[in-house]
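Engineer: A structural model of the following input is requested.
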Amino acid sequence: MTLLNVAACVVLLCSVIAIRKYSNFGLGMMMGGTLAWVLLVLAPPLHLKTLPIWLPALPFAVIALTLFVFGFLAWHWGPDR
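Structural biologist: As a prediction, this is how the structure comes out:
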């Protein structure tokens, strides 16, 4: 049994427990896991030679843009001074 199969069994066991105790959380785990699996199957494998240069910085850019948007919304919808 490979490490990936063991990890899949652990995730499946955790999702079954989550469905029994917290049905919405368990359903979200199953939907997220299914979506991640589909994306894993459809995405081409990435190697260091084929990795786009912008991909490692993408999470930082998304976080920065999200904070700018929330800051603008707080400034725009905030209480009058």
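
Engineer: Thr66: which element?
Structural biologist: helix 58-77 (DSSP states H and E).

Engineer: quick one: distance of that helix to the chain centre.
Structural biologist: With Cα atoms, centre = their mean, to the nearest Å as the basis, helix 58-77 stands 19 Å off its chain's centre.

Engineer: what residues does it touch?
Structural biologist: Outside of helix 58-77, no residue comes within contact range by Cβ atoms under 8 Å, 6 or more residues apart in numbering. To be clear about C-beta, it is placed using only N, CA and C from the backbone, and glycine gets the same treatment.

Engineer: quick one: mean pLDDT over that helix.
Structural biologist: Predicted confidence along helix 58-77 averages 94 (mean pLDDT).

Engineer: how about stretch 31-47?
Structural biologist: Regarding stretch 31-47, the rounded mean pLDDT is 84.

Engineer: contacts for that stretch next, please.
Structural biologist: Contacts for stretch 31-47 (Cβ under 8 Å, 6+ apart): 11, 15, 50, 55.

Engineer: so can I have TSV of the residues you listed showing pLDDT?
Structural biologist: Putting these into TSV (pLDDT from 0 to 100) gives the following:
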residue	pLDDT
Val11	80
Ser15	80
Thr50	80
Leu55	86
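
Engineer: PyMOL command to pick out the buried ones of the residues you listed?
Structural biologist: Command for PyMOL, covering only those of the contacts of stretch 31-47 found buried under the criterion 16 or more other Cβ atoms under 10 Å:
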select buried, resi 15
